[in-house]
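*Asks:* fold the following and give me the result.
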Amino acid sequence: MSNENNKTIARRFFLEAFSQGKLELLDELLAADYVDHNAPPGTPPGVESIRYLLSTFRAAFPDVQFTVEDQVAEGDKVVTRYTFRGTHQGELFGIPATGKAVVFPGISIYRMQAGKMQEAWVNYDMMGMMQQLGVIPA
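*Replies:* Here you go, the predicted structure:
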């Protein structure tokens with residue numbers, strides 16, 4: 001797969017599967033034995049881990065929107081820098097809805113194999129999100 005094709009797969013993950021809630025695309029975009037190295041404890045393995053996480057975040061932030069700020073691809077890796085925007089309208093990991101809008105950055109690195117996302121290393125501003133929700137002091 002070319003670097004451009006790999007970047008397109010990662011963009012589709014953020015803009016279609018996550019932002020638009022097209023979770024049926026996960027089987028197309030992710031390998032069956034996909035590994036998220038930063039998934040919370042207790043998250044199911046494989047594609048189901050991402051289906052669970054996306055469903056959880058979309059229930060908490062039904063108006064979620066991602067903006068892909070930058071992408072770099074080399075070899076079998078794609079790095080995507082993004083901005084998450086959404087309004088906290090549902091429970092998130094035990095935190096009741098606050099009605100507050102949040103905006104925070106993140107960076108994800110994906111290892112691609114045979115035209116699918118095989119592994120992920122995800123880092124986003126969890127502290128900033130929690131501060132914006134008022135869960136922890138700024």
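*Asks:* other SSEs contacting the lengthiest strand in the chain?
*Replies:* Using DSSP state E, we find that the single longest strand of the chain is strand 101-113. On a contact count with 3 or more Cβ pairs under 8 Å, 6 or more residues apart in numbering; DSSP states H and E, strand 101-113 meets helix 3-12, strand 77-87, strand 116-124, helix 126-133. Heads up, the C-betas are built off the backbone N, CA and C, glycines and all.
*Asks:* so for it, mean pLDDT?
*Replies:* For strand 101-113, the mean per-residue pLDDT is 98.
*Asks:* which SS class is Gly99?
*Replies:* Put simply, Gly99 is coil when judged by DSSP: H, G, I helix; E, B strand; the rest coil.
*Asks:* could you report the neighbour count for it?
*Replies:* Gly99 has 8 neighbours, counted by other Cβ atoms under 10 Å.
*Asks:* what is the orientation angle of the longest helix seen in the chain with strand 77-87?
*Replies:* In the chain, taking DSSP state H as the definition, the longest helix is helix 47-60. On the basis of axes from the mean of the first three to the mean of the last three Cα atoms, to 10 degrees, helix 47-60 is oriented at 30 degrees to strand 77-87.
*Asks:* identify each buried residue in stretch 60-67, please.
*Replies:* Buried residues in stretch 60-67, counted by 16 or more other Cβ atoms under 10 Å: Ala60, Phe61, Val64, Phe66.
*Asks:* make JSON lines from those and add distance to Leu92 to it.
*Replies:* What follows is those, written out as JSON lines (distance: Cβ to Cβ, whole Å):
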{"residue": "Ala60", "distance to Leu92": "4"}
{"residue": "Phe61", "distance to Leu92": "8"}
{"residue": "Val64", "distance to Leu92": "11"}
{"residue": "Phe66", "distance to Leu92": "17"}
